[in-house]
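A.B. asks: Sequence plus predicted model, see below.
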Amino acid sequence: MFKKLKSIFVIEDEDRSNQSSSSSSDGTPKSAQKDDAISKSSLKIERPVFDANNPPKKKLNEKFINRLLGAIEEQNIGGFDYLEYKQALQNLNKVKMDEPTKYKSALAVAKTMGANKEVLLSSANHYLKVLESEEHKFIEAFKNQINQQVTLRSDEIKAQEQSIEQMKSQIIKLQADIEDRRKRLESSKNKVDSAKEKVELTRNDFYQAYYVVSEQIKEDLVKIQEYLS
């Protein structure tokens, strides 16, 4: 069933070559192009804005696609519902017909299986709620990640800065010690910057996967409402 889900939610698996110039060889964006929402001093959970004019531009993260579709699979209502209807729509792609006719033809198949428009709308909304539930779980995990990888290290930086200021009064005697602590401070700052970039990439990977899956459901909801009168 999981492989079928990945096939009916047409998940593109291609490298966005036109993005290569803005990313390093391992897919990590250059530091100069970090999201303005992530600053040196703060890191907030903020859903990226994706829409038809601004779709995800990088290759989708397989882990999050599997997570979202896995959650849908676990909450599968059973019987002929939106998921089976979407499969029927996909099967009709091989037949030359306009979109309204395709949606109506798939509905005819659904009716033979005991489903109707209301079942399709209700189950599609059910799967959107499943995705929203996964988003809430992700946000909680993301908050913990920020606390563990950024906040605690930020506190460490503040303590080290205070220590440096105290030792400045004993420069002659403690110069070597101060220099050592400065190096540790720079190392901690680099770790914080690296941690911020990592959690930001994780957030964007999740929301790109979330957008692609949820938008397909939303588009079908609109078309079901429009075409299945």
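C.D. replies: Now that the structure is in, tell me what you want to look at.
A.B. asks: where do the helices sit along this protein?
C.D. replies: 2-8, 62-74, 82-91, 99-112, 117-146, 152-167, 171-227 (DSSP state H).
A.B. asks: Return the most buried member of those helices.
C.D. replies: helix 82-91 (a mean of 21; mean count of other C-beta atoms under 10 Å). All C-beta spots, glycine's among them, are computed from the backbone N, C-alpha and C.
A.B. asks: okay, it in CSV with CA atoms only?
C.D. replies: Included here for helix 82-91 are C-alpha records, laid out as CSV according to Å, rounded to 0.1, in the frame of the first residue of the first chain:
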residue,chain,number,x,y,z
TYR,A,82,-10.2,9.5,-1.6
LEU,A,83,-7.0,7.4,-1.9
GLU,A,84,-8.7,4.9,-4.2
TYR,A,85,-10.4,7.7,-6.1
LYS,A,86,-7.0,9.4,-6.7
GLN,A,87,-5.7,6.0,-7.9
ALA,A,88,-8.6,5.9,-10.3
LEU,A,89,-7.9,9.4,-11.5
GLN,A,90,-4.3,8.4,-12.1
ASN,A,91,-5.3,5.4,-14.1
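A.B. asks: For Asn53, find the nearest of the helices of the chain.
C.D. replies: Nearest to Asn53 among those is helix 171-227; the distance by C-beta to C-beta comes to 12.4 Å.
A.B. asks: Sketch out the low-pLDDT regions of the chain for me.
C.D. replies: Across the chain, the ranges flagged by pLDDT under 70 are 1, 10-45, 151, 171, 174.
A.B. asks: wait, which of the helices of the chain is closest to Glu46?
C.D. replies: helix 171-227 (8.0 Å).
A.B. asks: list the helices and strands that closest one packs on?
C.D. replies: With contacts defined as 3 or more C-beta pairs under 8 Å, 6 or more residues apart in numbering; DSSP states H and E, helix 171-227 has these neighbours: helix 62-74, helix 82-91, helix 99-112, helix 117-146, helix 152-167.
A.B. asks: Please produce CSV containing those helices, extended by distance to Leu221.
C.D. replies: Below are the helices and strands packed on helix 171-227 laid out as CSV (distance: least, C-beta to C-beta, whole Å):
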stretch, distance to Leu221
helix 62-74, 15
helix 82-91, 9
helix 99-112, 11
helix 117-146, 5
helix 152-167, 43
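A.B. asks: quick revisit: including distance to Pro56, could the helices of the chain go into CSV?
C.D. replies: Formatted as CSV, these follow (distance: least, C-beta to C-beta, whole Å):
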stretch, distance to Pro56
helix 2-8, 17
helix 62-74, 11
helix 82-91, 20
helix 99-112, 24
helix 117-146, 15
helix 152-167, 30
helix 171-227, 4
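A.B. asks: ok now do the residue nearest to Lys189 when sequence neighbours are not counted, which residues does it touch?
C.D. replies: Leaving out its chain neighbours, the residue that sits closest to Lys189 by C-beta to C-beta, 6 or more residues apart in numbering is Ile157, at 6.3 Å. Counting by C-beta atoms under 8 Å, 6 or more residues apart in numbering, Ile157 makes contact with 185, 188-189, 192.
A.B. asks: Contacts only, for the most centrally placed residue in the chain.
C.D. replies: The centroid of the chain falls nearest to Phe206 when counting by C-alpha atoms, centre = their mean (1.5 Å). Shown in contact with Phe206 (C-beta under 8 Å, 6+ apart): 61, 64, 135, 138.
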